[in-house]
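Trainee: The following comprises the amino acid sequence and a computationally predicted model.
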Amino acid sequence: MIGKLNLPVLADADVVVLGGGPSGVAAALAAARNGAQVLLVEQFGALGGLGTTGLVPMFAPTSDGERMIYGGIFREINLEMCSRMKVEPWRESWQAINPEILKRLLDEKIAQAGVRVLCCAKLCEAEMDGGRILAVLAATSMGLKKITGRVFVDATGDGLLAALSGAEFEYGDANGIPMSPTLCGQFSGIDWDKVAEVGKTGVNDHTIWAEMLRNGTAPLPEQHFVCMKPVSSRSASSNLGHIYGADCLDEFDLSRCYTEGRRILRILEEYYRCHVPGVEQVELISSAALLGVRETRRIRGEYRLTIEDYKKRAVFEDEIGRCCYPVDIHSSTTDSEEQAQVVKTIEATRFKKGESYGIPYRALIPAGIANLLVPGRAISSDRPIQSSIRVMPPCFVTGQASGVAATLAAGQSDVRAVDTAVLQQRLAELGACFSQRRE
């Protein structure tokens, strides 16, 4: 957080969105579709964040089992992606992602909405006047530049702009230790027909790995074996392996995570080739350019979502959407009991069909900052419910709400002045879903 600097102004907009992942794309689209002049700033060369650059293999979940509660922009993008992939959309849970199709789709949506995009620019500082952001500073190919705006949306995932602006935040567990990240990868040479045929006998990559753990031959101390998901008839993306003991806010440890992630992917390639029927010809063709970070900062906001809200399937007067994903706190260590508890907690907290909890607008507002909203995994929450709301579909939901709210706040002094009834009406027009008790 700094005072005014004499730097060239690169751009100005009504709404400036930092981060082009699911929450940032949704925020930019929602703001532009509501008439705002929008600038979307992304540190990599493609939009989509973990769904594209991060190679996370699927959207999960896509519905509550009865309806697609992640309505509006997520539903629009998911259905169009499935159409282009020539697959039927999953109605209840895990939807595979083709990252190249998703990249192009997002490019088109953003262009159609008239959003101005700045790629390969990294947020590095905030210029403040009291509790108001005047500008953000971004490192670009031409050096340090200033970006001005009326309202800012921190869709970095790490709550970076909020932290640079002086907002308070929480981090990790009671000891400040976050969930372990994963470096996802892409694989080719997979015979999915053979995998399916063998799977009918109860043999698959999960059961084989579990047996190797029991007899002490597993190549990694990994109890929580997540998934390999088909992308095409011969390829897949993986969400496998954890980089334990990682602090993704430490510059050098973040760098270590990429090196360690690539080492783990090579080990997993060998595991599949040597042990899993149908995957004998597998080849690792790419490791992700973006680390799959599950947890860093959680802002302190006007309302703090908690596990009690999860348990009671909360409904809020200022509700901007719903979420139904279970509590999914990945282990921070190689401790086998801690790892095994992850899946037990998921099963113990999984909602019944049609159940979900509400997300209040106040959870997107960091305390003490007048013109900033924070969607995505950094919203104001305790750790258990953050592990639920951090996945991509609800990030689209909170991003969508931030974009509409930012537009409504652009002519006002504070994002708290937004009329939530008007916000909800605008979100409903986009296709957002609310509690069935409110509809």
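Mentor: Arrived safely.

Trainee: Distance check, the residue nearest to residue 20 when sequence neighbours are not counted against residue 18.
Mentor: Leaving aside its sequence neighbours, residue 20 sits nearest to residue 42 (Cβ to Cβ, 6 or more residues apart in numbering; 3.3 Å). Glycine gets a C-beta too; all of them are placed from N, C-alpha and C. Relative to residue 18, residue 42 is positioned 9 Å away (Cβ to Cβ, to the nearest Å).

Trainee: which residues do the two both contact?
Mentor: Shared contacts of residue 42 and residue 18 (Cβ atoms under 8 Å, 6 or more residues apart in numbering): residue 24.

Trainee: More neighbours: these two, which one.
Mentor: Neighbours were counted for residue 42 and for residue 18 using other Cβ atoms under 10 Å; residue 18 has more, 28 against 25.

Trainee: Hmm, residue 41 and that one touching each other?
Mentor: Yes - assessed by Cβ atoms under 8 Å, residue 18 is found in contact with residue 41 at 5.2 Å.

Trainee: shared neighbours of those two, anything?
Mentor: 123, 136.

Trainee: what is the mean pLDDT for stretch 158-175?
Mentor: Per-residue pLDDT over stretch 158-175 has a mean of 96.

Trainee: distance between that stretch and the chain's centre?
Mentor: 16 Å (Cα atoms, centre = their mean, to the nearest Å).

Trainee: Now do the buried residues in that stretch.
Mentor: 158-165, 167, 169-172 (16 or more other Cβ atoms under 10 Å).

Trainee: In strands, which of these appear?
Mentor: Members of the buried residues of stretch 158-175 lying in strands (criterion: DSSP state E): 169, 170, 171.

Trainee: And the residues you listed, which is closest to residue 57?
Mentor: residue 171 (27.2 Å; Cβ to Cβ).

Trainee: surely the closest one meets residue 300?
Mentor: No - assessed by Cβ under 8 Å, residue 171 is found out of contact with residue 300, at 11.2 Å.

Trainee: how about the strands in the stretch 101-250 of the chain?
Mentor: 116-118, 122-129, 132-140, 143-154, 169-171, 185-188, 227-230, 235-239 (DSSP state E, counting those that start in this stretch).

Trainee: Would you reformat the ones you listed as CSV and include distance to residue 78?
Mentor: Converted to CSV, these look like this (distance: least, Cβ to Cβ, whole Å):
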stretch, distance to residue 78
strand 116-118, 21
strand 122-129, 28
strand 132-140, 30
strand 143-154, 21
strand 169-171, 30
strand 185-188, 20
strand 227-230, 15
strand 235-239, 16
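
Trainee: Nearest to residue 7 among these would be which one?
Mentor: strand 143-154 (4.5 Å).

Trainee: rank the strands of the stretch 101-250 of the chain by pLDDT, which is bottom?
Mentor: strand 227-230 - the lowest mean pLDDT of the strands of the stretch 101-250 of the chain, at a mean of 90.

Trainee: Show me the contact partners of that one.
Mentor: Contacts for strand 227-230 (Cβ under 8 Å, 6+ apart): 57-58, 94, 96-97, 187, 190, 192, 205, 236-240, 272.

Trainee: out of these, which one sits closest to residue 391?
Mentor: residue 58 (9.6 Å).

Trainee: For residue 67, find the nearest of the strands of the stretch 101-250 of the chain.
Mentor: strand 227-230 (23.4 Å).
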